[in-house]
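Chemist: need a structure here:
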Amino acid sequence: MSGRSCGRIFCTICFAEYTDASVLWPDTPFYVVNTFDHTLLFYLGRTVTMVSYKDELAVAIGWEKHKFLPDYTSFARAWEKDSAPLAMFAPKDLTDFRKQFPVAMVEIARDPRRVIVAKPPAHPAAHPAAHPPANPQAKTP
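Modeler: Down below sits the predicted model:
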C-alpha cells in the first residue's frame, strides 16, 4: 500500500470511502491512538479501540473496557498480535510512537491533523484485501 491523501484537507468521510473497498473489513481491528474524532465512528459505521485518550469519554470507556488500551505498550502488543490492523494517529504522536516502538506500519492516508497506518501483511496473498468476501448481493447468471 502506498500513502494517500485527498486533494483537500483530509476528511473522515474521505477515509471511510477509501477504506470501505480496500482495507477495512468488519473484523479489521481499528485503533484510534491518543486522539479521538467523533465523526469517525459514524462514517466508518463501526466501533474502534481507543488508545491512551479518555477525556470526555472516560465514563463510557468504563462501560466497555475491552475497547480501550491504556498506553502505547498495550497498543504495540495488540498491533503485533493482530494480523491486519489499522490505526489513526496525530502526525506527532505517530513519530513519537515509532521512536519508542519500531513495529511494522505503512502509512495509507495523511492530512495535517491525522495519519492512518496499516500493518503490512506478512504474506501479501494472505492479506484480507487480497481475498475480498463474496458479495451476497451479486447476481449470478
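
Chemist: ok, now which ones touch Tyr72?
Modeler: Contact analysis of Tyr72 by Cβ atoms under 8 Å, 6 or more residues apart in numbering lists 33, 51-52, 97, 100-101. Where C-beta positions appear, they are placed from N, C-alpha and C, glycine not excepted.

Chemist: just those: which are in strands?
Modeler: The strands, defined by DSSP state E, take in 33, 51 from these.

Chemist: give the buried subset of the contacts of Tyr72 as a PyMOL selection command.
Modeler: A single PyMOL command selects the buried members of the contacts of Tyr72 (16 or more other Cβ atoms under 10 Å):
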select buried, resi 33+51+52+97
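
Chemist: roughly how far does Thr73 sit from Gln100?
Modeler: In this view, Thr73 and Gln100 are 9 Å apart by Cβ to Cβ, to the nearest Å.

Chemist: please disregard the earlier target; I meant Trp79.
Modeler: From Trp79 across to Gln100, the span is 13 Å (Cβ to Cβ).
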